[in-house]
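**Student:** Okay, predicted coordinates and the sequence, questions at the end:
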Amino acid sequence: MNKLKKLLLVGLTAVLTVGTVACGSANNNSGSSTKETKNITIGVCPGPYGDMVKKAITPALEKKGYKVSIKEFSDYVQPNKALANKEIDANLFQHTAYLQKFSKDNNLDLSAVISVPTAGMGIFSNKIKSIDSLPNGAKVAIPNDPSNLARALTLLKNQGLINIKDNIDQTKATQNDVTENKKNLKFVPIEAAQEPRSLDSVDIALITGNYAIAAGMDFSKALVVEKLAENYKNVIAVRTEDLNKDLGKDLKSAVESAEFKNAIEDKNGEFKSFDKPEWYVSKYGTK
């Protein structure tokens, strides 16, 4: 009888112990799920968009439980490859035309979430004070990536310096599509990030806004500042599989938030003069 009692006591103790452990596990899991932080990394290039992520986008994401890290890349190639390889979760550095061209050329499945206010391309010079004084045979630095090269040629066309073939997609134009070069300009294709350093060796350089700002260049001293077409305004990009998931939806919501608008409209901030996307102008009635 005593042996039987001991066996029953051991069995009951084991059941209670398992039950206690099981309950403890359930409580721990429940607690961790309610307190879980969603860690994401957003890729940027040198310039103002790291600050835009930090000052304008992160505050709204933090309210949704995100912890945001920023990873800076030194060129226009790696941020999209890192995104496709799941090294980062989103990026903000490129306009729609570049995203589409790069994704197609590299067979990447990436999508734009939403466009953001963007600094335009500027024409800068250390040698002349006016675009009208550009000499014949002048050396002109232009970005060597396809979409920004086309953008630079379009800006030169708009200044009456060159003409481009009719009926061509001007987002894909190259030097071979130039039909008239009134001043016999000598084009010098350079990696976009290196253009600010080229100013002493060329007559003018057409520099994208982010690299001009990163180099501390004063847009008030630019010879010309581009008025951006909608497909040249920068976008937040994610893997297409995430576009309609929480990540894509939450990024879009953050950009449409009051926190984002307040940072953009800050009169002492760096974004106040950026070109606003159509959705932004439509929503807030401001340019």
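**Tutor:** Nice, thanks for sending it over.
**Student:** For this protein, which segments are assigned as strands?
**Tutor:** Assigned strands in the chain, in chain order: 38-44, 66-72, 90-95, 110-115, 122-124, 139-143, 162-164, 178-181, 186-190, 204-207, 224-225, 234-239 (criterion: DSSP state E).
**Student:** Of all those strands, which one comes closest to L155?
**Tutor:** Closest approach to L155 among these (C-beta to C-beta): strand 204-207, 6.1 Å. C-betas here are computed from N, CA, C, even on glycine.
**Student:** sorry, back to before: now the strands of the chain as CSV including mean neighbour count and distance to V255?
**Tutor:** Listed next are those as CSV, based on neighbours: other C-beta atoms under 10 Å; distance: least, C-beta to C-beta, whole Å:
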stretch, mean neighbour count, distance to V255
strand 38-44, 19, 12
strand 66-72, 16, 13
strand 90-95, 25, 10
strand 110-115, 20, 5
strand 122-124, 23, 25
strand 139-143, 23, 26
strand 162-164, 18, 33
strand 178-181, 13, 37
strand 186-190, 17, 31
strand 204-207, 28, 25
strand 224-225, 18, 24
strand 234-239, 26, 7
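**Student:** out of those, which comes closest to S273?
**Tutor:** Nearest to S273, of the strands of the chain and by C-beta to C-beta, is strand 224-225 at 9.2 Å.
**Student:** export the strands of the chain to TSV and tack on mean pLDDT and distance to A60?
**Tutor:** Listed next are these as TSV, based on pLDDT from 0 to 100; distance: least, C-beta to C-beta, whole Å:
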stretch	mean pLDDT	distance to A60
strand 38-44	97	13
strand 66-72	98	9
strand 90-95	96	14
strand 110-115	98	13
strand 122-124	97	30
strand 139-143	97	32
strand 162-164	95	41
strand 178-181	96	44
strand 186-190	97	37
strand 204-207	98	31
strand 224-225	94	29
strand 234-239	98	13
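**Student:** Now tabulate these in CSV and tack on distance to K283.
**Tutor:** Shown next, in CSV, are those (distance: least, C-beta to C-beta, whole Å):
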stretch, distance to K283
strand 38-44, 23
strand 66-72, 23
strand 90-95, 19
strand 110-115, 11
strand 122-124, 27
strand 139-143, 31
strand 162-164, 34
strand 178-181, 39
strand 186-190, 37
strand 204-207, 30
strand 224-225, 24
strand 234-239, 17
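**Student:** Name the residue closest to the centre of this protein, please.
**Tutor:** Nearest to the geometric centre of the chain sits L92, at 1.6 Å (C-alpha atoms, centre = their mean).
**Student:** Can you give me the distance of that one to D169?
**Tutor:** 25 Å (C-beta to C-beta, to the nearest Å).
**Student:** repeat for E226
**Tutor:** Counting by C-beta to C-beta - E226 and D169 are separated by 18 Å.
**Student:** Comparing these two, which residue is more hemmed in?
**Tutor:** E226 (22 against 9; other C-beta atoms under 10 Å).
**Student:** mind checking the backbone torsions on that one?
**Tutor:** Main-chain torsions, E226, degrees, to the nearest 10: phi -70, psi 140.
**Student:** I'd assumed F124 was in contact with it.
**Tutor:** No. Using C-beta atoms under 8 Å, E226 is not in contact with F124, being 11.9 Å away.
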